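>>> can't give you the sequence, but here's the structure:
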Ligand SMILES: NC(=O)c1ccc[n+]([C@@H]2O[C@H](COP(=O)([O-])OP(=O)(O)OC[C@H]3O[C@@H](n4cnc5c(N)ncnc54)[C@H](O)[C@@H]3O)[C@@H](O)[C@H]2O)c1
């Protein structure tokens, strides 16, 4: 990550295009919510950019502005939404299908949502086996498809009078894959696009097209589309900020709150069993073992990194960690996640913690998409490019420099995020040492 200290942030003038590939439950909930806030019948609950504050200076100074007052973020009134999907439903129809929002809320924002029509998507069925898209681009090669996406972005900017764009992937989770030769450098990736290399996923074609078009990019799903050397090179070359991956919304969010608490108290862990039921389209896609594998890998990482078994072998060596996702249509978007946590304390006595989280997936994810869009735009205007580790707060599998392990502890992530904002504005970083109050 390259940062500049001080006040050299270009102002957030003009309209900001927010491109959300994948017009499903999450994307339509973001759009509906932003419009509801703009029209004054909802509050942006869950959004750090809209509701959060930031303490500046010493505790005795009583300076705690809202984040929106502290850093120049694009106002919600200036956001223009665009999307691609492999089905032609407009945002109103897609939101109705997703079943996240009540009929009453949907009616209130229908005129706005109905104007958002997805551009045809780039898709190959082997990457998301449960979907059979009909609204799909045809091209002579993957490079041709990338060029079509680039043309879409240019047209969108022209039509909507947009000055800058950012993109957040809200499309389905693709099947698991590891980086191959095609992902190793930008030259190899572009050669791969030309010959339609089969290891280049559709989501990676979007990431390529957005970065080429000057749109910072975040990946909200766990699939390999942004986190490989070719994209790092492209982000550097185009000076674009990038972030990922996989929104940290429900069970993993809870894990990254509870696990730091266990470690802080040096309580041991013998096992953590997580299971959940969900019945939305995301759940249907994850019912395919190859897509589930991508999600599973993403969900498994957090505990290992937080608990550091190599440093605490007596407490965390070989704990059992199991993650299950069950597709269960009756629940729709309203997921229920159960955690059974087997811990032990003084003299090894066992205890258990049970969490039953009745959450709403897209209600948790939507404000994060908004924050990511606004923060990525801020980063770009501040001259920051490459991996934005300070946005780890939002992700299950935070992207980091290749030599670093990811930081998963939610509280360290939040401190990193807020200190980055302080740093950008030339404010003192907060260490919470506090010794000066007792001199
Ligand atoms: N909601 C959450 O809490 C959460 C948390 C973490 C990650 N995610 C991820 O965010 C993504 C979106 O979640 P959702 O609940 O909105 O899912 P969804 O199934 O409702 O929406 C995904 C949309 O992407 C479209 N799509 C698939 N492939 C595409 C392609 N190549 N191009 C364009 N569109 C494409 C689908 O048609 C669908 O409309 C999923 O990958 C999910 O795993 C969601």
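Now that the structure is in, tell me what you want to look at. Remember, predicted model here, so these are calculated numbers, not experimental data.

>>> wait, what's in contact with the closest residue to the ligand within the stretch 1-150 of the chain?
Ranked by CB to the nearest ligand atom, the top residue of the stretch 1-150 of the chain for proximity to the ligand is residue 24, at 1.7 Å. Using the backbone N, CA and C atoms, a C-beta is placed for each residue, glycine as well. Applying CB atoms under 8 Å, 6 or more residues apart in numbering, we find residue 24 in contact with 85, 94, 98, 170-172, 281-282.

>>> how about the residues of this protein by the ligand?
By the rule CB under 6 Å from any ligand atom, the part of the chain lying against the ligand is 21-26, 84-87, 98, 121-123, 128, 131, 170-173, 202, 220-221, 246-247, 249-250, 280-282, 285, 361-362, 364-365.

>>> got a list of what residue 251 touches?
274, 276, 299, 323, 337, 339, 357.

>>> distance of it from residue 289?
As defined by CB to CB, to the nearest Å, residue 251 lies at a distance of 19 Å from residue 289.

>>> next structured bit after the helix or strand containing residue 378?
Using DSSP states H and E, residue 378 falls within helix 361-381. Per DSSP H and E, the first helix or strand lying C-terminal to helix 361-381 is strand 386-387.

>>> which residues touch that next one?
Residues from elsewhere that reach strand 386-387 (CB under 8 Å, 6+ apart): 1-2, 232, 235-236, 241-243, 399-401.

>>> return the residues in contact with residue 171.
21-22, 24, 85, 121, 202-203, 206, 221.

>>> which one (most neighbours) among the residues you listed?
With neighbours set by other CB atoms under 10 Å, the maximum within the contacts of residue 171 is found at residue 21, which has 32 neighbours.

>>> right, and it touches residue 166 too?
No. Assessed by CB atoms under 8 Å, residue 21 is found out of contact with residue 166, at 12.0 Å.

>>> show me what residue 83 bridges to in the sheet.
With DSSP bridges as the criterion, residue 83 is bridged to residue 20.

>>> list the contacts of the closest residue in space to residue 25 that isn't next to it in sequence.
Distances taken as CB to CB, 6 or more residues apart in numbering place residue 98 nearest to residue 25, at 3.8 Å, with adjacent residues excluded. Shown in contact with residue 98 (CB under 8 Å, 6+ apart): 24-25, 28-29, 280-281, 333, 362.

>>> farthest pair in these?
29 and 281 (12.9 Å; CB to CB).

>>> which of those two has more residues huddled nearby?
Ranked by neighbour count (other CB under 10 Å), residue 29 and residue 281 place residue 29 first, with 26 against 22.

>>> quick one: secondary structure of that one?
The local conformation at residue 29, judged by DSSP: H, G, I helix; E, B strand; the rest coil, is helix.

>>> give the contact list for residue 190.
For residue 190, counting by CB under 8 Å, 6+ apart, the contacting residues are residue 143.

>>> again with residue 202
Here residue 202 is in contact with 121-124, 127, 171, 174 (criterion: CB under 8 Å, 6+ apart).

>>> of all those residues, which comes closest to residue 419?
Using CB to CB, those come closest to residue 419 at residue 171, 31.9 Å.

>>> are we agreed that that closest one is in a helix?
No. Residue 171 sits outside any helix when classified using three-state DSSP, being coil.

>>> before we move on, the earlier item: and the contacts of residue 171, which of them are in helices?
Judged by DSSP state H, helices contain the following of these: 202-203, 206.

>>> could the residues you listed go into CSV alongside pLDDT and distance to residue 70?
As requested, the ones in helices among the contacts of residue 171 are exported to CSV (pLDDT from 0 to 100; distance: CB to CB, whole Å):
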residue, pLDDT, distance to residue 70
202, 97, 38
203, 97, 33
206, 98, 32
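
>>> state which strand of the protein is the longest.
Identified as the longest strand of the chain according to DSSP state E is strand 268-278.

>>> packing partners of that one?
helix 251-264, helix 289-307, helix 313-316, strand 320-327, strand 336-344 (3 or more CB pairs under 8 Å, 6 or more residues apart in numbering; DSSP states H and E).

>>> just want the angle from that strand to helix 361-381.
Per axes from the mean of the first three to the mean of the last three CA atoms, to 10 degrees, the angle that strand 268-278 makes with helix 361-381 is 110 degrees.

>>> ok, strand 268-278: who's next to it in the sheet?
If you go by DSSP bridges, strand 268-278 pairs up with strand 320-327 (parallel), strand 336-344 (antiparallel).

>>> identify each buried residue in the first one, please.
Read it as strand 320-327. 321, 323, 325, 327 (16 or more other CB atoms under 10 Å).

>>> let me see the ranges of the strands in the stretch 101-250 of the chain.
119-120, 162-169, 217-219, 241-244 (DSSP state E, counting those that start in this stretch).

>>> deepest in the core, which of those is it.
Greatest average neighbour count among these goes to strand 217-219 (a mean of 30), per mean count of other CB atoms under 10 Å.

>>> tell me the mean pLDDT for it?
Across strand 217-219, the average pLDDT comes to 98.

>>> as a markdown table, the strands of the stretch 101-250 of the chain with distance to residue 419 would be great.
Converted to a markdown table, the strands of the stretch 101-250 of the chain look like this (distance: least, CB to CB, whole Å):
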| stretch | distance to residue 419 |
| --- | --- |
| strand 119-120 | 38 |
| strand 162-169 | 22 |
| strand 217-219 | 20 |
| strand 241-244 | 17 |
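
>>> among those strands, which is nearest residue 78?
Here strand 162-169 is closest among these (CB to CB), at 8.8 Å.

>>> centre of the chain versus that closest one, how much separation?
14 Å (CA atoms, centre = their mean, to the nearest Å).

>>> partners of it in the sheet?
Strand 162-169 is paired, per DSSP bridges, with strand 15-21 (parallel), strand 217-219 (parallel).

>>> so for that strand, what's the average pLDDT?
What strand 162-169 shows for mean pLDDT is 97.

>>> hmm, who's touching it?
13-22, 80, 82, 153, 156-157, 203, 206-207, 210, 213-221, 225-226, 369, 372-373, 376-377, 380-381.

>>> and if you look at stretch 39-57?
Contact with stretch 39-57 is made by 33, 36-37, 63-68, 70, 73, 76, 105, 108-109, 363-364, 366-368, 370-371, 374-375, 393, 417-418, 421-422, 427-428, 430, as judged by CB under 8 Å, 6+ apart.

>>> could you pull up the residues touching residue 408?
Residues in contact with residue 408 (CB under 8 Å, 6+ apart) are 256, 259, 301-302, 305-306, 392, 398.

>>> so which of those wins on neighbours?
residue 398 (29 neighbours).

>>> are we agreed that it is in a strand?
No. Counting by three-state DSSP, residue 398 is not found in a strand; it is coil.

>>> how much space between the closest residue in space to it that isn't next to it in sequence and residue 245?
Nearest residue to residue 398 in three dimensions, chain neighbours excluded: residue 392, at 3.4 Å (CB to CB, 6+ apart). Here residue 392 is placed at a distance of 10 Å from residue 245 (CB to CB).
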